[in-house]
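Participant: what follows is a predicted structure for the sequence shown.
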2 protein chains.
Amino acid sequence: IICVGAEPVNFVDYVALNPFKVPKAELLKELNLGFKECLQTLLDHGIKVKFSGGETADQPDQVRTLDISGTINGRVKLTSVISGERIKPGNLIIGLRSGGKTRYEKRENSGIMCNGLTLARLCLISREYQAKYPEISAEERGYYGKYRPDQYLDDLGMTVGEALTSPTRLYAPVVARIMDEYGPYVTGLVHNTGGGQTKCLRIGRNIHYVKDSLPDADPIFMLIQKESGETWRAMYENYNMGVGFEIVAEEDAAEDILSIPERFNLEAKIIGRCEENAGFNKVTIKSRFGEFQYP
Amino acid sequence: IICVGAEPVNFVDYVALNPFKVPKAELLKELNLGFKECLQTLLDHGIKVKFSGGETADQPDQVRTLDISGTINGRVKLTSVISGERIKPGNLIIGLRSGGKTRYEKRENSGIMCNGLTLARLCLISREYQAKYPEISAEERGYYGKYRPDQYLDDLGMTVGEALTSPTRLYAPVVARIMDEYGPYVTGLVHNTGGGQTKCLRIGRNIHYVKDSLPDADPIFMLIQKESGETWRAMYENYNMGVGFEIVAEEDAAEDILSIPERFNLEAKIIGRCEENAGFNKVTIKSRFGEFQYP
């Protein structure tokens, strides 16, 4: 919703669960608290989302444990849509950090958000845990890590379980404020979920996104790469690698825009720029692990 | 949406699947065709639903095979909402059949719609099938029926598999027409999904729904009861038992309203009436299997 410059209207949730494995009443109570907390945080920042209820379905034949999803509807004037069409060579890319702790959050966040979690679980969590809870792992592969979920790692500054279950950050409070103050200078908005650092490929036309000043990836990403042996190229494709949200903006405004995330104690920096490319979109990542081109 | 007298705006789908068990491209292609067919059927009857896309999530750790859900948003003037508050003693209950074949459908429907399917599968499908496809059945219970999905049963007039996978009927074309022509006389609308013949308990105030003229339940319901040994009381609570949709209407208009489903070749009849009840809603079902009271 926020990525096209729209205002949210309402949210509907859908919970599919296996009532033989999951304590239903407890789950629904926790979810209710979580939804309330999220909606209140948004409201505190002037973003009103109406919770329109939802559906809870007992699906013991289909679902091993639980699967929670939701739909947000929003509204935007067609003339104000941020579609990425206005992205031009020379625009700068501002990256908002995925880890850390903003002023509107209660706990430190590992930064993993909601992508690549299957690999993360598999390579970090030990077989012992799988034997205890067979319902949480696909038979095809299984856990092969060396950690217990409650194991504290100095590198992470939290337990492995806390790192894996860190909530996806709500960027809306910050982005809404950026749009209020600098909307006309913003040409693209990208929430780095599926696709990680290459998700920007989906917007703009004939743009070469050159990211040569990415911040250090949060410790969770370093750990996943080490334990899984995944290539760095694939890591940048599947994980946000420390930058959860990107704002593409006109060069003149980029420095000024950085002052807004700062007010929220959200780290932000200019991570790259847009260049022209012939015929298709391209991403180049220049990191200390190598230079990678996509697609 | 239709049950509160609203007009649909848009539809968003969500598909959670196990890519190791389900051929993803094939599934998405079939779903796309199915959505198109549904939306076109609705459009042919003047009901415009915008398909706003959706999300497909690979969830091999959570989902055995697949789980498909969707969200429809609608719009209605608050003054036109059908909330059930206007239901009065003396109102009649019109039942729309769940089985059969309307003019806007291609195939005969078993009538089962989308509720009670877990029990239906378990009691009808044989262990042999479970051994072949262990991923489609919860380990806790398992199939204990005597049929193969491709087995044709004279009683059903179709195969067991066709009966179990019969789509939930779209009642919107018929109900929209009823609302157009008789809206002011309609006091309640009930889609008999979860709760079956007792779903009407959720609307109205101090109403006793007396259903004494229900049509014969479709053959699929008779078969499920016979094979599972479920009580008839529970059958009426979990299944629609042949009536998929109910319209509560003022007595004067009820006979006239019946002419509309008839135009669509959808069987309809007056199945009961509303009486006064002290302090809460109640349903009485008088059937050839006994008289049942809920709650």
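Facilitator: Noted; the coordinates are in hand.

Participant: show me the strands in chain A, by range?
Facilitator: A:7-17, A:50-58, A:66-75, A:92-97, A:152-153, A:158-159, A:186-191, A:207-211, A:243-249, A:268-276, A:282-287, A:290-294 (DSSP state E).

Participant: same for the fifth one, what does it pack against?
Facilitator: By that I understand strand A:152-153. strand A:158-159 (3 or more CB pairs under 8 Å, 6 or more residues apart in numbering or on different chains; DSSP states H and E). Heads up, the C-betas are built off the backbone N, CA and C, glycines and all.

Participant: so what are the sheet partners of the strand it packs on and their directions?
Facilitator: strand A:152-153 (antiparallel) (DSSP bridges).

Participant: quick revisit: most tightly packed of the strands of chain A?
Facilitator: strand A:243-249 (a mean of 27; mean count of other CB atoms under 10 Å in any protein chain shown).

Participant: contact partners of that strand?
Facilitator: Contact with strand A:243-249 is made by A:84, A:87, A:91-98, A:111, A:113, A:168-169, A:171, A:174-175, A:178, A:182, A:185-192, A:197, A:200, A:204, A:214-215, A:257, A:271, A:274, as judged by CB atoms under 8 Å, 6 or more residues apart in numbering or on different chains.

Participant: now with 7 Å, please.
Facilitator: Contacts to strand A:243-249, defined as CB atoms under 7 Å, 6 or more residues apart in numbering or on different chains, come from residues A:87, A:91-98, A:111, A:113, A:169, A:171, A:175, A:178, A:182, A:185-192, A:197, A:200, A:214-215, A:257, A:271, A:274.

Participant: quick one: closest of the strands of chain A to residue B:39.
Facilitator: Nearest of the strands of chain A to residue B:39, taken as CB to CB: strand A:66-75 at 17.1 Å.

Participant: helices or strands up against the closest one?
Facilitator: strand A:7-17, strand B:7-17, strand B:66-75 (3 or more CB pairs under 7 Å, 6 or more residues apart in numbering or on different chains; DSSP states H and E).

Participant: can I get the ones you listed in TSV including mean pLDDT and distance to residue A:73?
Facilitator: Converted to TSV, these look like this (pLDDT from 0 to 100; distance: least, CB to CB, whole Å):
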stretch	mean pLDDT	distance to residue A:73
strand A:7-17	95	5
strand B:7-17	95	7
strand B:66-75	94	5
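
Participant: the ones you listed into JSON lines, with extra columns for distance to residue B:129?
Facilitator: JSON lines is the format used below for the helices and strands packed on strand A:66-75 (distance: least, CB to CB, whole Å):
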{"stretch": "strand A:7-17", "distance to residue B:129": "23"}
{"stretch": "strand B:7-17", "distance to residue B:129": "20"}
{"stretch": "strand B:66-75", "distance to residue B:129": "17"}
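
Participant: got the confidence number for residue A:229?
Facilitator: pLDDT for residue A:229: 97.

Participant: what does residue A:141 give?
Facilitator: Taking residue A:141 on its own, its pLDDT is 73.

Participant: where's the closest residue in space to it that isn't next to it in sequence relative to residue A:142, distance?
Facilitator: Leaving aside its sequence neighbours, residue A:141 sits nearest to residue A:122 (CB to CB, 6 or more residues apart in numbering or on different chains; 6.0 Å). Applying CB to CB, to the nearest Å, the value for residue A:122 to residue A:142 is 7 Å.

Participant: and of the helices and strands packed on strand A:66-75, who's closest to residue B:51?
Facilitator: Using CB to CB, the nearest of the helices and strands packed on strand A:66-75 to residue B:51 is strand B:7-17, at 5.5 Å.

Participant: paired strands for that closest one, with orientation please.
Facilitator: Strand B:7-17 pairs in its sheet with strand B:50-58 (parallel), strand B:66-75 (antiparallel), by DSSP bridges.

Participant: of those, which is nearest residue B:29?
Facilitator: Closest among the strands paired with strand B:7-17, using CB to CB: strand B:50-58, at 12.1 Å.

Participant: which residues does the closest one contact?
Facilitator: B:9-17, B:19, B:28, B:35, B:39.

Participant: pLDDT averaged over it - what is it?
Facilitator: 92.

Participant: look up which residues are beta-bridged to residue A:13.
Facilitator: Under the criterion used (DSSP bridges), residue A:13 bridges to residue A:54, residue A:70.

Participant: so the residue nearest to residue A:141 touches residue A:143, yeah?
Facilitator: Yes. Between residue A:122 and residue A:143 there is a contact under CB atoms under 7 Å: 5.6 Å.

Participant: quick check: neighbours shared by those two?
Facilitator: With CB under 7 Å, 6+ apart as the test, residue A:122 and residue A:143 reach no residue in common.

Participant: in the stretch 151-295 of chain A, which residue sits nearest chain B?
Facilitator: residue A:194 (8.9 Å; CB to the nearest CB).

Participant: tell me who's in contact with that residue.
Facilitator: residue A:115.

Participant: which one of the helices and strands packed on strand A:66-75 lies closest to residue A:72?
Facilitator: strand A:7-17 (5.0 Å).

Participant: residues contacting the closest one, please?
Facilitator: Under CB under 7 Å, 6+ apart, the answer for strand A:7-17 is A:1, A:24, A:27, A:31, A:35, A:47, A:49-59, A:62-63, A:66-76, B:14, B:67, B:69, B:71.

Participant: picking up where we left off before, with neighbour numbers in mind, choose between residue A:122 and residue A:142.
Facilitator: residue A:122 (20 against 13; other CB atoms under 10 Å in any protein chain shown).

Participant: tell me how far residue A:289 lies from residue A:236.
Facilitator: 9 Å.

Participant: for the two, indicate the residue with more neighbours.
Facilitator: Neighbours per residue, other CB under 10 Å: of residue A:289 and residue A:236, the larger number sits with residue A:236, 25 against 15.

Participant: surely that one touches residue A:293?
Facilitator: No. Taking contacts as CB under 7 Å, residue A:236 lies outside contact range of residue A:293: 10.7 Å.

Participant: what mean pLDDT would you report for stretch A:288-295?
Facilitator: Mean predicted confidence for stretch A:288-295 is 97.

Participant: how far out from the middle of the chain is it?
Facilitator: 21 Å (CA atoms, centre = their mean, to the nearest Å).

Participant: up against chain B, what does chain A have?
Facilitator: Within reach of chain B by CB under 7 Å from any CB of the partner chain, chain A has these residues: A:12, A:14, A:16, A:20, A:59-67, A:69, A:71, A:73, A:118, A:136-138, A:140.

Participant: change it to 6 Å
Facilitator: A:12, A:14, A:16, A:20, A:59-64, A:67, A:69, A:71, A:73, A:118, A:137-138, A:140 (CB under 6 Å from any CB of the partner chain).

Participant: all helices of chain A, in order?
Facilitator: A:24-44, A:117-124, A:127-132, A:160-164, A:172-182, A:219-228, A:232-238, A:251-257, A:259-263 (DSSP state H).

Participant: okay, now residue A:23: neighbour count?
Facilitator: 11.

Participant: how close does it sit to residue A:66?
Facilitator: For residue A:23, the distance to residue A:66 - CB to CB - is 10 Å.

Participant: again, but for residue A:275
Facilitator: Counting by CB to CB - residue A:275 and residue A:66 are separated by 44 Å.

Participant: what does residue A:286 give?
Facilitator: When residue A:286 is compared with residue A:66 (using CB to CB), they lie 40 Å apart.

Participant: check residue A:294 too.
Facilitator: 33 Å.

Participant: count the residues that sit near residue A:25.
Facilitator: 7.

Participant: and what of the one 10 residues further on?
Facilitator: By other CB under 10 Å, the residues close to residue A:35 number 16.

Participant: and it, what is it in contact with?
Facilitator: Residues near residue A:35 by CB atoms under 6 Å, 6 or more residues apart in numbering or on different chains: none.

Participant: if we use 10 Å, what do you get?
Facilitator: For residue A:35, the contact set (CB atoms under 10 Å, 6 or more residues apart in numbering or on different chains) comprises A:11, A:13, A:49, A:51, A:54, A:70.
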